[in-house]
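> Okay, structure incoming, though there's no sequence with it:
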């Protein structure tokens, strides 16, 4: 019997190609989770999340009846972020009630780009496609290496001309109010592409920071990419940032300001992180040949 797979994590769903919004051809498949929070503004969502977590409440509803009716043999979920997806304990409890053959629960918790690649192998092994998963990982690694090569070429060119290579200083907004800079794999990707993310270097979780700390990094590049927000919502958040004097002054000094669809890109720990790394190479080194087709972004400056 073929594996019957349910993914409760968008990034894992992209690995097995059954996500509800990417690719668009499978939008008719059942959606089993629903966020309890409703987006209004960044500040209000932060308040909703804080209140729910302080009371020990989950941020998502799980359609347990439909899940059971689908009779999965494998459920893929995560235990990294309670804000991003249904929590692991809830999934495990439901799985244990599915007698006589409870589904196997595969949990993914990547915090680095290498661990995202490991997730591809873990999912492939779980669903009986280990060989294909190994080939996918090999392809992703080759593309990442090409990004490293471009960054190294920039360093070598500077050295050959007798100059010091100065990587562009990036401020990546993972959330705008309050301010959360990029964490987990994103700072690592910025460095692979030849930049630097001084406010939160690789190997750290995203944590709330002050506007003074952001300004102190003197960024050359501002990337506004709030987790879970599409481009229209991101534009609104950018406009609200531009109403603040500290951001206006920083934006005036920056050489580059861009908006990115944070619902699709950077914030999902799946295969499209390689696209994001290539996009960073395009942005930081003016290499349009590295821009992935259809990448959802907008240049402000």
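Happy to help now that I have it. Bear in mind that the values here come from a model prediction, so they are computed numbers and not experimental data. Numbering: from 1, shown residues only.
> What is the longest helix seen in the chain packed up against?
For the chain, the helix with the greatest residue count under DSSP state H is helix 130-160. Counting by 3 or more CB pairs under 8 Å, 6 or more residues apart in numbering; DSSP states H and E, the packing neighbours recorded for helix 130-160 are helix 113-126, helix 186-192, helix 272-285. Every residue, glycine included, has its C-beta placed from N, CA and C.
> Tell me which helix or strand comes right after it.
Reading on from helix 130-160 to the C-terminus, the next helix or strand found by DSSP states H and E is strand 170-176.
> which residues make contact with that following strand from outside it?
42, 46, 179-183, 186-187, 190, 195-197, 199, 206, 214, 217, 219-227, 237-238, 240-241, 250, 262, 266-267, 284 (CB atoms under 8 Å, 6 or more residues apart in numbering).
> partners of that strand, with directions?
Using DSSP bridges, the strands paired with strand 170-176 are strand 179-181 (antiparallel), strand 221-224 (parallel).
> so residue 34 makes contact with residue 86?
No: using CB atoms under 8 Å, residue 34 is not in contact with residue 86, being 9.5 Å away.
> From residue 72, how far out is the residue nearest to the spatial centre of the chain?
Nearest residue to the geometric centre of the chain (CA atoms, centre = their mean): residue 267, 1.4 Å. To residue 72, residue 267 is 25 Å away according to CB to CB, to the nearest Å.
> Repeat that for residue 186.
Distance from residue 186 to residue 72, by CB to CB: 31 Å.
> out of those two, which sits in the more crowded spot?
Neighbour totals were compared for residue 186 and residue 72, and residue 186 leads with 26 against 20 (other CB atoms under 10 Å).
> Tell me which residues touch the most far-flung residue of the chain relative to its centre, please.
Distance from the C-alpha centroid of the chain peaks at residue 162, with 37.5 Å (CA atoms, centre = their mean). By CB under 8 Å, 6+ apart, the contact list for residue 162 is empty.
> okay, it: pLDDT?
On pLDDT, residue 162 comes in at 89.
> and if you look at the one 3 residues further on?
At residue 165 the predicted local distance difference test score is 89.
> Go ahead and confirm it touches residue 158.
Yes: between residue 165 and residue 158 there is a contact at 3.8 Å, judged by CB under 8 Å.
> what sits against the residue nearest to residue 289 when sequence neighbours are not counted?
Among residues not flanking residue 289 along the chain, residue 282 sits closest, at 7.8 Å (CB to CB, 6 or more residues apart in numbering). Applying CB under 8 Å, 6+ apart to residue 282 gives the contacts 288, 289, 290, 291.
> How much space separates residue 282 from residue 109?
Distance from residue 282 to residue 109, by CB to CB: 30 Å.
> cool, residue 151 as well?
28 Å.
> same question, residue 166
Distance from residue 166 to residue 109, by CB to CB: 35 Å.
> Settle it for me: which of these two has more neighbours?
Between residue 166 and residue 109, counted using other CB under 10 Å, residue 109 has the larger neighbour count: 12 against 9.
> Test my guess that the more buried one contacts residue 76.
No: using CB under 8 Å, residue 109 is not in contact with residue 76; the gap is 11.9 Å.
> one step back: and the longest helix of the chain, what's buried?
133, 136, 137, 140, 144, 147, 150, 151, 154 (16 or more other CB atoms under 10 Å).
> who does the strand or helix carrying residue 240 touch, helix- and strand-wise?
Per DSSP H and E, residue 240 falls inside helix 231-241. Helix 231-241 is packed against strand 170-176, strand 221-224, strand 256-260, strand 297-299, with contacts defined by 3+ CB pairs under 8 Å, 6+ apart.
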